[in-house]
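Engineer: What follows is a predicted structure for the sequence shown.
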Amino acid sequence: MKELGKIEMLDQVLDLQGTLLEIQQRQSELMAELDRMKEENRTLKAELLSVGELEFNGRVYMRHTPGRVGAELFCQVCFDKDRKLIRVQTTEDGQYWRCLACQTTVRQH
Ligand SMILES: [Zn+2]
């Protein structure tokens, strides 16, 4: 009877160890999830900030940075669709802006 009691206790200890392992596993999953959410939060904050600074001139988005000469120009399609800030480039003839990501081309004037 006494031996049986010991075995039951050992079983309980083993159960507890198993539970503890599950909790530790779950905890590390939650920590990873938390890291992922922190990263996402950081990205969203940066995005919100840049949205506030953007100005649409009818063709491209412009961002004026203090201390920087001229505005940075970004593709409307890429930003509206994917919230990506892709700079546009002036075409060789100097008449258009082109986005190299989505190939959108718009007249400069
Ligand atoms: Zn684009």
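Structural biologist: Arrived safely, thanks for sending. Small disclaimer: the values here were computed from a predicted structure and weren't measured. Numbers count the residues shown, from 1 in each chain.

Engineer: so what's residue 104 closest to, chain neighbours aside?
Structural biologist: residue 77 (4.7 Å; C-beta to C-beta, 6 or more residues apart in numbering). For every residue, glycine as well, the C-beta is placed using N, CA and C.

Engineer: Give me the buried stretch members for the helix or strand containing that neighbour, please.
Structural biologist: Using DSSP states H and E, residue 77 sits in helix 76-82. With burial defined by 16 or more other C-beta atoms under 10 Å, the residues of helix 76-82 counted as buried are 76, 77, 78, 79.

Engineer: ok, the residue nearest to residue 104 - contacts?
Structural biologist: Going by C-beta atoms under 8 Å, 6 or more residues apart in numbering, residue 77 touches 99, 102, 104.

Engineer: show me where this protein has helices.
Structural biologist: All helices of the chain, identified by DSSP state H, fall at 2-53, 76-82.

Engineer: then the shortest one to PDB, C-alphas only?
Structural biologist: Okay, so that is helix 76-82. Taking Å, rounded to 0.1, in the frame of the first residue of the first chain, the C-alpha atoms of helix 76-82 are listed here in PDB:
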ATOM      1  CA  GLN A  76       0.700  56.400 -56.400                       C
ATOM      2  CA  VAL A  77      -0.200  52.900 -57.500                       C
ATOM      3  CA  CYS A  78       2.300  51.100 -55.200                       C
ATOM      4  CA  PHE A  79       1.300  53.200 -52.200                       C
ATOM      5  CA  ASP A  80      -2.500  53.000 -52.700                       C
ATOM      6  CA  LYS A  81      -2.400  49.300 -53.400                       C
ATOM      7  CA  ASP A  82       0.400  47.900 -51.200                       C
END
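
Engineer: now it, how far from the centre of its chain.
Structural biologist: 16 Å (C-alpha atoms, centre = their mean, to the nearest Å).

Engineer: Stretch 54-74 now?
Structural biologist: 23 Å.

Engineer: what about residue 53, neighbour count?
Structural biologist: The tally of other residues near residue 53 (other C-beta atoms under 10 Å) stands at 13.

Engineer: Can you check the pLDDT for it?
Structural biologist: As predicted, residue 53 sits at a pLDDT of 82.

Engineer: cool, the one 3 residues further on as well?
Structural biologist: The pLDDT attached to residue 56 in the predicted structure is 91.

Engineer: Many thanks, I have nothing further to ask.
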